[in-house]
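Enquirer: quick one: sequence plus predicted model below, questions after.
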Amino acid sequence: MSVTQAAFKDGQKWDLNEEESDFEEYYDACSDHYDFDSYKTDFKTSIEHAELALQYFFNNQFDEARNILQPFAETSFYHSLGYAVFSFLEAMLTFENVEGASAKIKKCIELCQLFRKKNTLTESITSTFKKKNYSQLTDQECHAELCLAEALLMNALLTFIEDDNLSGLIRGSLKVRQCYSGFRACEQIMKSREWIFDVVKDSASVSTHFASGVYMGIGTFNLMISILPGRILNILKFIGFTGSKTINKELVLLKDPSQTSQLYYADNRALCLLLRGAFYRQMEQPNLALQDLHDCLTQRGIKEDLFLLPYAYVESALCYVPFNKNQAISMLQDTKKKFSHYALESRLHLRIHMALMDLNDNTDGEL
């Protein structure tokens, strides 16, 4: 039994001050109906729960993941964020129960606000004139900032679905800017905060999880920006958002932050490459897709998410369908020989089987 399972069973430079001001102002109002004495969930345990739920999620054990997250979704921001992700994905994929998903995300935002560092009036005024000292933040307050940024990302995307008229586009664009400010603030925390490692509190693991979340969050954010419609990007530019429209690999695929987070960096970078490669293939841009998928397949240091490689190989094979079906068939057939014993293997085998059937029946290649 792993440590996380046992624990569950037991219980880039910019005007930083301006960005932080925007970030804090938009969600300045916090609910007062929470009783802080009811927050009994241990912070370290909440991270372990989130990690275990993530493992269940990627193994298609969704009920098990929900059962971990739901009991503390009202009191722990990590549990609340994970629980909101389920509703968010359901809303994005089915366009149903969007209001319910939005409510869960807003609940998560409220929780994150409660656990963030509270600045006094003097501190708020002082932060306008000098750089913020992130070393004053506790580990839990740092992670509250990260979870808030991730919740804001989901909230922004849902806004575009809830209301597709001009007012909805503007509101969603403003939320995108808030999300951007949040991730940039987290990036500054990661780079400038003095992390004090405590064996008892497992601070090294807490720091590594934070860095992993920041880099994955920024990568996901830029991936989202790259696929937004042009009219939304124009609004973002109008309101002062400085993100580039061009899909730039240096923005989406971040540099290795440190040796301590090498494992997470490699897996997360490979995942971003696979997602963007798959997107390019669907957009009928096979050359760009193959470049990203090749980088995914040659990514060194992948330790946990071994399924990324066979999935990238299959996506690469499908890129050849429009102009070289024989090569596509050969690559699909080779997948079972090259890769084995990885998560979601049976699902990929089914997809390969269906693709080969379509190719052998001389379909038009739309897989």
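Expert: Nice, thanks for sending it over. Keep in mind that what you see is a predicted model, and the values were worked out from it rather than measured.

Enquirer: poorly predicted segments of the stretch 201-350 of the chain, please.
Expert: For the stretch 201-350 of the chain, applying pLDDT under 70 flags the ranges 201-204, 223, 225-263.

Enquirer: again, only using 80
Expert: For the stretch 201-350 of the chain, the stretches with pLDDT under 80 are 201-206, 216, 218-268, 279, 303-305, 343-344, 347.

Enquirer: what about His341, which SS state?
Expert: Three-state assignment for His341 (DSSP: H, G, I helix; E, B strand; the rest coil): coil.

Enquirer: nearest residue to it in space, please, no chain neighbours.
Expert: Computed as Cβ to Cβ, 6 or more residues apart in numbering, the closest residue to His341 that is not its neighbour in sequence is Leu306, at 8.0 Å. In this view, the C-beta of every residue, glycine as well, is placed from N, C-alpha and C.

Enquirer: and the nearest residue to Asn59 once chain neighbours are set aside, what does it touch?
Expert: In space, Asn59 comes closest to Ala343 once its chain neighbours are excluded; the distance is 5.7 Å by Cβ to Cβ, 6+ apart. Contact criterion Cβ atoms under 8 Å, 6 or more residues apart in numbering gives Phe58, Asn59, Asp305, Leu306, Phe307 as the residues in contact with Ala343.

Enquirer: nearest to Lys118, of the residues you listed?
Expert: Checking those against Lys118 with Cβ to Cβ, the nearest one is Phe58 at 35.6 Å.

Enquirer: shouldn't Ala84 be in contact with Leu111?
Expert: No: Ala84 lies out of contact with Leu111 (Cβ atoms under 8 Å); the separation is 10.0 Å.

Enquirer: report the longest helix in this protein, please.
Expert: helix 166-192 (DSSP state H).

Enquirer: packing partners of that one?
Expert: helix 16-26, helix 139-162, helix 203-226, helix 230-238 (3 or more Cβ pairs under 8 Å, 6 or more residues apart in numbering; DSSP states H and E).

Enquirer: so Lys131: helix, strand or coil?
Expert: Under three-state DSSP, Lys131 falls in the coil class.

Enquirer: who touches stretch 317-336?
Expert: Contacts of stretch 317-336 from elsewhere in the structure, counted by Cβ under 8 Å, 6+ apart, are 281, 284, 286, 289-290, 293, 310, 313-314, 316, 348-349, 352, 355-356, 359-360, 365, 367.

Enquirer: check stretch 94-104 too.
Expert: Among residues not part of stretch 94-104, those counted as contacts by Cβ under 8 Å, 6+ apart are Ala73, Ser80, Tyr83, Ala84, Ser87, Phe88, Glu90, Ala91, Asn155, Leu158, Ile161, Glu162.

Enquirer: tell me how many other residues surround the second one.
Expert: Right, the one you point to is Ser80. Using other Cβ atoms under 10 Å, the number of residues around Ser80 comes to 26.

Enquirer: follow-up on the earlier one: if I pick the residue nearest to His341, what's in contact with it?
Expert: Under the criterion of Cβ under 8 Å, 6+ apart, the contact partners of Leu306 comprise His341, Tyr342, Ala343.

Enquirer: check the gap between the closest residue to Phe88 other than its chain neighbours and Asn360 for me.
Expert: Using Cβ to Cβ, 6+ apart and skipping the chain neighbours, the partner closest in space to Phe88 is Met154 (4.7 Å). Computed as Cβ to Cβ, to the nearest Å, the Met154 to Asn360 distance reads 41 Å.

Enquirer: which one's more surrounded, these two?
Expert: Met154 (25 against 10).

Enquirer: state the distance from the more buried one to Leu89.
Expert: 9 Å.

Enquirer: repeat for Leu344
Expert: Counting by Cβ to Cβ, the gap from Leu344 to Leu89 is 16 Å.

Enquirer: go on, Ala278?
Expert: Ala278 sits 16 Å away from Leu89, taking Cβ to Cβ as the criterion.

Enquirer: the two: which has the busier surroundings?
Expert: Ala278 (20 against 14).

Enquirer: by how many degrees do the helix or strand where that one lies and helix 203-226 diverge?
Expert: Using DSSP states H and E, Ala278 sits within helix 262-282. Relative orientation of helix 262-282 and helix 203-226, computed by axes from the mean of the first three to the mean of the last three Cα atoms, to 10 degrees: 10 degrees.

Enquirer: so what does helix 262-282 touch, helix or strand wise?
Expert: Helix 262-282 makes packing contacts with helix 203-226, helix 286-297, helix 308-319 when contacts are defined by 3+ Cβ pairs under 8 Å, 6+ apart.

Enquirer: give me the next element, helix or strand, following the last one.
Expert: Beyond helix 308-319 in the direction of the C-terminus, DSSP H and E gives the next helix or strand as helix 325-338.

Enquirer: that next one: which residues count as buried?
Expert: When neighbours are counted by 16 or more other Cβ atoms under 10 Å, the buried residues of helix 325-338 are found to be Ala328, Ile329, Met331, Leu332, Thr335.

Enquirer: roughly how far out does it sit from the chain middle?
Expert: For helix 325-338, the separation from the chain centroid amounts to 31 Å (computed by Cα atoms, centre = their mean, to the nearest Å).

Enquirer: helix or strand right after it?
Expert: Where DSSP H and E defines the elements, the next helix or strand beyond helix 325-338 is helix 345-360.

Enquirer: tell me the buried residues in that next one?
Expert: When burial is assessed from 16+ other Cβ under 10 Å, helix 345-360 yields the following buried residues: Leu348, Arg351, Ile352, Ala355, Leu359.
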